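Asker: okay, sequence plus prediction incoming.
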Amino acid sequence: MAPRPETLTCCLSQAGIASAPLKANEVERVKSELRQRAKASSRAADSVSVDEVLHVLRPLVELLKQTAPDFTSAQVSSRQSFWRNAAEVTLGRAEGAAIFKRLLKDPGVIAAVDERLCLELAPAAGEGAKRRKVAEATPAPEAASSTHKGIMQRHATQMEALRRQCDQDEKMLLEKHQKAFEMRRLSYIEMMDTALGNLKLDQEKQMRWLKDHSRARTEALRSKQLGDFFSPVLHVTLGRGNVHVCQGFYELSPIHTRGWQPVYRKYKSRYFLYLSKQCWWISTESNMLMRQPRGLLHSGAVRLNDSPARPERATNWKVVGSGKKWESIDLKLDDLKEPKAEFVVVSMAGTELLRKSFQLHETVVTVKTTLSRTLKSSWNRPADFIRLCLGSQALSNAKELGRLTIGAGTPLQAVLIPINCKHCMVSLEKQWYPCCRCSNCHQYLCLECGARCRECDYCMANICNECAMDCDHLCCRCCAEESEYSEEDDGEFYY
């Protein structure tokens, strides 16, 4: 018994029918069409006729016309065997396939089907004869086998080289993309780290601001509350002829004040006035924090009751003497209702020139300016040529008035600085106002020397010849701006 064929090519070979090679896509198309027709016919009617079998097998006829033109010249038994085997192969187990397979096993049905289909294939017989003649006229394939083989080998070699080149290009492209991705990842990580660092800095800055703002507001509220019970500023002065580092202006410290016992701090200094063991002490911050009865000065014992303690009521003050023994001293505490004090300025002859109250945070130059404006009619002198002294010490313009260690009744002495021309040294005591003044060295020149001064190239300010040579004919302000612009332009190229 012959084996059961599995493909249409096997069916044709087993039936002894010569055919051209079948294309796989054509075979699949015919199988799909046969199964669709079998399925549709089985659903349309309960019984299947010969016409419906012919309708189902007709796609095979179209395939045989193209591949097996000599099909009708084969024996009848071979053709009938082909129809049965082809139906088995193409229909398979599709829906309705069993009905058609059973009908094709009937001799009468298979004979009618073969006869009808051979009539449809009859026109292709002539074409088959023509194809055979053309095939006989063509030369045998062995003659061109060597040429074809060489061409195939060359194509195979080229395809292998192309495949290797494609693999190499793919590898290089993959490495390039991986490197770019790694660079982007590192850049993103660096950017995130920078953003996180900036965020932390901003948070720390905001927290510091909130802390400082809260502390400042707390101090302000605390000062306002304590101001109703205690003096905001105390002026500690000693008797005439006595000078001590502890004398000066003391401000109420709301942070260190506890309950009804106030703490005062010398203006921007390290000395504190506090109460310890029923005595007022002037000492450093470390002793104040621990409320130690230790310091440079202390008062006698004071009586404490439910009322707030007031240091201005203390008496019997003592100071450490030369023999490291406590000695009595004449100390006075003046209660200042506001953070300002009255200052007196006198001349070299002792004549009072100015008496006015100033804020403690104001500087010495404020007093000099006020004095110059007050005595403009009599002195006619700018504030730059007035020097204030406390005793034998000359005061700088930036020194704050609250940091002066000034005693009771001690005035500030005003010393006049002579005004002379920078070049010819002519006295300008009576004509300094219309004279020229250098914007760099701030010295005055007479009218003749001022006429020879230069002007700033930018702002047209007056500059003496010496300063003009040093600053390239620019004033101090314009020279600083020019240097700032030059630093910003470093590293840039202009064409």
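Answerer: Happy to help now that I have it. Numbers count the residues shown, from 1 in each chain.
Asker: where along the chain do the helices fall?
Answerer: 8-15, 24-44, 50-67, 76-91, 97-104, 107-121, 123-137, 145-227, 285-290, 364-374, 447-451, 465-470, 476-488 (DSSP state H).
Asker: what comes up buried for the first one?
Answerer: What that stands for is helix 8-15. Leu8, Cys11, Leu12, Gln14, Ala15 (16 or more other C-beta atoms under 10 Å). In this view, the C-beta of every residue, glycine as well, is placed from N, C-alpha and C.
Asker: the third one now?
Answerer: Taking 16+ other C-beta under 10 Å as the basis for neighbour counts, the residues of helix 50-67 that come out buried are Glu52, Val53, Val56, Leu57, Pro59, Leu60, Val61, Leu63, Leu64, Lys65, Thr67.
Asker: doesn't Arg58 make contact with the first one?
Answerer: The reference is to Glu52. No. Glu52 is not in contact with Arg58 according to C-beta atoms under 8 Å; the separation is 10.7 Å.
Asker: now do the shared contacts for the two.
Answerer: Residues touching both Glu52 and Arg58 (C-beta atoms under 8 Å, 6 or more residues apart in numbering): there are none.
Asker: contact partners for Met183?
Answerer: Counting by C-beta under 8 Å, 6+ apart, Met183 has no contacts.
Asker: how much space between it and Met192?
Answerer: As judged by C-beta to C-beta, to the nearest Å, Met183 and Met192 stand 15 Å apart.
Asker: equivalent analysis for Cys471, please.
Answerer: For Cys471, the distance to Met192 - C-beta to C-beta - is 49 Å.
Asker: higher neighbour count, those two?
Answerer: Just comparing Cys471 and Met192: by other C-beta atoms under 10 Å the higher neighbour count belongs to Cys471, 18 against 10.
Asker: is it true that that one touches Cys479?
Answerer: Yes. Here Cys471 reaches Cys479: they are 4.7 Å apart, a contact under C-beta under 8 Å.
Asker: surely Thr366 touches Phe358?
Answerer: Yes. With contact defined as C-beta under 8 Å, Thr366 counts as touching Phe358 (6.5 Å).
Asker: name the residues contacting each of these two.
Answerer: Leu401.
Asker: what does the domain assignment say about the chain?
Answerer: 8-136, 151-214, 233-336, 340-416 (automatic domain parsing).
Asker: format these as JSON lines; extra columns: mean pLDDT and distance to Glu455.
Answerer: Compiled in JSON lines, the domains of the chain are given as follows (pLDDT from 0 to 100; distance: least, C-beta to C-beta, whole Å):
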{"stretch": "domain 8-136", "mean pLDDT": "72", "distance to Glu455": "99"}
{"stretch": "domain 151-214", "mean pLDDT": "90", "distance to Glu455": "45"}
{"stretch": "domain 233-336", "mean pLDDT": "83", "distance to Glu455": "43"}
{"stretch": "domain 340-416", "mean pLDDT": "81", "distance to Glu455": "22"}
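Asker: want to throw those domains into JSON lines with distance to Leu226?
Answerer: As requested, the domains of the chain are exported to JSON lines (distance: least, C-beta to C-beta, whole Å):
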{"stretch": "domain 8-136", "distance to Leu226": "102"}
{"stretch": "domain 151-214", "distance to Leu226": "18"}
{"stretch": "domain 233-336", "distance to Leu226": "6"}
{"stretch": "domain 340-416", "distance to Leu226": "18"}
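Asker: out of the ones you listed, nearest to Ala220?
Answerer: domain 233-336 (8.4 Å; C-beta to C-beta).
Asker: now do the closest one: distance to the chain's middle.
Answerer: Here domain 233-336 is found 53 Å from its chain centre; the criterion is C-alpha atoms, centre = their mean, to the nearest Å.
Asker: repeat for stretch 208-215
Answerer: For stretch 208-215, the distance to the chain centre is 25 Å (C-alpha atoms, centre = their mean).
Asker: got the contact list for the spatially closest residue to Leu34 that is not a sequence neighbour?
Answerer: Spatial nearest neighbour of Leu34, excluding adjacent residues (C-beta to C-beta, 6 or more residues apart in numbering): Thr90 at 4.6 Å. Taking C-beta under 8 Å, 6+ apart, we find Thr90 in contact with Leu8, Val30, Lys31, Leu34, Arg35, Leu60.
Asker: doesn't Arg58 make contact with the fourth one?
Answerer: No. Under the criterion of C-beta under 8 Å, Leu34 makes no contact with Arg58, lying 9.1 Å away.
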